[in-house]
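Novice: what would the 3D arrangement of this be:
(one chain, ligands or ions: 2)
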Amino acid sequence: MKRVKRLIDHIGLLWTMSSGSAVQDAQPLCGRTAMQEVGAVTDAAIAIDEEGMIAAIGKSKELQTVIDAQTEIIDANNGFVCPGFVDPHTHLVHGGSREHELPMRLAGADYLDILRMGGGIMSTVQMTRECTEQQLYEQAQKSLLRMRSYGVTCVEAKTGYGLTAATEEKQLRVAKALEQKMAMRFVHTALPAHALPLERKDMRERFVKEAAQMYLELSRQGAEFADVFVDDGAFTIEEGRYLLETAKTAGMKIKLHADELVPLGGAELAAELGAVSADHLLVASDEGLEAMAQAGVLAVCLPGTSFYLQKKPARARFMIDEAQLGVALATDYNPGSAPSENFLLMLSLALFTLRMTPEEIFVAATRNAAAAVDRCAVAGVLRPGRAADVVIFDAPNPQYVLTHYGIQHVARVLVKGEVVYSDVQ
Ligand SMILES: N=CN[C@@H](CCC(=O)O)C(=O)O
Ligand SMILES: [Zn+2]
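Specialist: Residues are numbered from 1 along each chain as shown. Ligands and ions are numbered 1, 2, ... in the order given. Here you go, the predicted model:
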């Protein structure tokens, strides 16, 4: 074994999320039985080598033999420990904020009413276009620091507030610059078909063609995933199919904002196209969800969004128990429908609004969330040979973390074996 540089010791309860073999651990967990597998170890320790990789995981007593006098001990204080969270759906890079919509909302306007009045996504598009790259960078960096303090070590970042080639590319450049600077794993997603921009209001076909080209260019510049907002007020199933098929020709992996507001058949389209994930799914049909499971598409639930928009939450129980889907969780962090970077709060909302069990919630926030951004082989599971991306809680167990909602329970976050956040005095 390589020299142990750090030992996370005195872990009261560790959920590794590992099923045992490396091959199994590179797969999501789907359906009710599998989603209970948390790979629990009590009185545990994690040994980390000089490269920040996990050298060994075991009982604290056993791992005392692998350390030397120079090994740094991180005391977990008998707390709960799990893999770094993966947030597989965020609109990280954007300009401004949208609290000015509050009076409209309080007067009864809903999400689509505000979008149709030229607000909503459109007002963020305008603010994002007006921002310099430096301004966007600084705003997004603040958000990333908040996300990481809540245990997120891998984040997906979408474009979608530019809607022209130049401004979509600007958003992607900012996310890529942050990737260079922040100790976090990034996944870049192109979303030029997020909304029809005001200047193309009466040129729908023309914009769809332009957007198709934007996917190809954003792919050349490093966007790995292509996403489309298929919904009322956004893009149709036919437009989504055309755009995502175009993106696939460039080798992009597929995601969809599907069946959030109106059941258009986004879940069915995700299955047809072999998407990696379909996200939102508040009003997805039974058949669509079952087709997704058959096609191996993951369901990303965004309980913060349904809470904020005061919509009926996604049917996670049907997804897990009946459709046997692999479910993942995300913040959907964005200024209009989910303006909170607090990943732990999303997990509590998953408990109380989605009725998911603590085991399902932590699987959905780690291993399955990693699978939703095609990072299952490197993130979301703690096992020897993988990077030590770890969350140490100032809480004895996951049930405590979830039920004491809205609270900062994270004591430390490690990325590749280095402490990147600490609340320990
Ligand atoms: N639904 C579409 N897009 C975002 C919201 C974007 C916005 O309102 O700015 C979402 O995932 O919720
Ligand atoms: Zn979204």
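
Novice: what about the closest residue to Arg383 other than its chain neighbours, how many neighbours?
Specialist: The spatial neighbour of Arg383 that comes closest, neighbours along the chain excluded (Cβ to Cβ, 6 or more residues apart in numbering), is Ser18 at 4.7 Å. In this view, the C-beta of every residue, glycine as well, is placed from N, C-alpha and C. Ser18 has 22 neighbours, counted by other Cβ atoms under 10 Å.

Novice: equivalent analysis for Gly274, please.
Specialist: 13.

Novice: which helix or strand lies directly C-terminal to the longest strand seen in the chain?
Specialist: If you go by DSSP state E, the chain has its longest strand at strand 4-15. Heading C-terminal from strand 4-15, the first helix or strand you meet, by DSSP states H and E, is helix 22-25.

Novice: list of residues touching the helix or strand following that following helix?
Specialist: Next along the chain after helix 22-25, taking DSSP H and E as the criterion, comes helix 31-34. Helix 31-34 is contacted from outside by 320-321, 324-326, using Cβ atoms under 8 Å, 6 or more residues apart in numbering.

Novice: okay, helix 31-34 in CSV with CA atoms only?
Specialist: Coordinates of each C-alpha in helix 31-34 appear next as CSV, following Å, rounded to 0.1, in the frame of the first residue of the first chain:
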residue,chain,number,x,y,z
GLY,A,31,-35.3,0.6,-8.2
ARG,A,32,-36.4,0.1,-4.6
THR,A,33,-34.2,-2.8,-3.5
ALA,A,34,-30.9,-1.5,-5.1
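
Novice: how far does the helix or strand just after it sit from the chain's center?
Specialist: Using DSSP H and E, the helix or strand that follows helix 31-34 in sequence is strand 40-49. In terms of Cα atoms, centre = their mean, to the nearest Å, the gap separating the centre of strand 40-49 from the centre of its chain is 25 Å.

Novice: enumerate the positions of the next helix or strand after strand 40-49 that are buried.
Specialist: Next in sequence after strand 40-49, counting helices and strands by DSSP H and E, comes strand 54-59. In terms of neighbour count (16 or more other Cβ atoms under 10 Å), strand 54-59 has its buried residues at 54-58.

Novice: swap in stretch 396-408?
Specialist: 398, 400-402.

Novice: likewise stretch 43-56?
Specialist: 43-49, 52-56.

Novice: in contact with Glu72, which residues?
Specialist: 5-7.

Novice: need those residues in TSV with pLDDT, distance to Ala387 and neighbour count, can you?
Specialist: Converted to TSV, the contacts of Glu72 look like this (pLDDT from 0 to 100; distance: Cβ to Cβ, whole Å; neighbours: other Cβ atoms under 10 Å):
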residue	pLDDT	distance to Ala387	neighbour count
Lys5	98	13	20
Arg6	98	13	22
Leu7	98	16	22
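
Novice: if I look at the residue sitting furthest away from the middle of the chain, how far off is ligand 1?
Specialist: Most distant residue from the mean C-alpha position of the chain: Ala69, 39.0 Å away (Cα atoms, centre = their mean). Ala69 sits at a distance of 51 Å from ligand 1 (criterion: Cβ to the nearest ligand atom, to the nearest Å).

Novice: quick one: end-to-end length of stretch 251-261, please.
Specialist: 29 Å (Cα to Cα, to the nearest Å).

Novice: kindly report the same for stretch 91-108.
Specialist: Stretch 91-108: ends 25 Å apart by Cα to Cα.

Novice: show me what that stretch is in contact with.
Specialist: Outside stretch 91-108, the residues touching it (Cβ under 8 Å, 6+ apart) are 109, 113-114, 117, 119-120, 123-124, 127-131, 135-136, 139-140, 143-144, 155, 157-161, 171, 174-175, 178, 191, 332-336, 339.

Novice: buried only: go through the residues you listed for me.
Specialist: 109, 114, 119-120, 123-124, 127-129, 131, 136, 139-140, 143-144, 155, 157-161, 171, 174-175, 178, 191, 332-336, 339.

Novice: now do the strands in the stretch 201-350 of the chain.
Specialist: 225-230, 253-258, 277-280, 298-301, 327-329 (DSSP state E, counting those that start in this stretch).

Novice: adjacent strands (with direction) for the fourth one?
Specialist: When pairing is defined by DSSP bridges, strand 298-301 lines up against strand 277-280 (parallel), strand 327-329 (parallel).

Novice: average pLDDT across it?
Specialist: Averaged over strand 298-301, pLDDT sits at 99.

Novice: tell me the pLDDT of whatever residue of the chain ends up closest to ligand 1.
Specialist: Nearest residue of the chain to ligand 1, counting by Cβ to the nearest ligand atom: Gly336, 2.5 Å away. Gly336 is assigned 97 on the pLDDT scale.

Novice: next one: Met117
Specialist: Confidence score, pLDDT, at Met117: 89.

Novice: separation between it and His257?
Specialist: According to Cβ to Cβ, to the nearest Å, Met117 and His257 sit 20 Å apart.

Novice: residues of the stretch 201-350 of the chain that sit close to ligand 1?
Specialist: 229, 257, 260, 305, 332, 334-338 (Cβ under 6 Å from any ligand atom).

Novice: neighbours around Ala371, how many?
Specialist: When counting by other Cβ under 10 Å, one arrives at 26 neighbours for Ala371.

Novice: with Glu238 instead?
Specialist: Counted with other Cβ under 10 Å, Glu238 comes out at 11.

Novice: can you offset everything so residue one is 28?
Specialist: Will do, 28 is the new start, and the previous item becomes Glu265.

Novice: can you tell me if the lowest-mean-pLDDT helix or strand in the chain touches ligand 1.
Specialist: Within the chain, confidence by mean pLDDT, DSSP states H and E is lowest for helix 138-143 among all helices and strands, at a mean of 92. No: judged by Cβ under 6 Å from any ligand atom, helix 138-143 and ligand 1 are separated, with a smallest distance of 7.0 Å.
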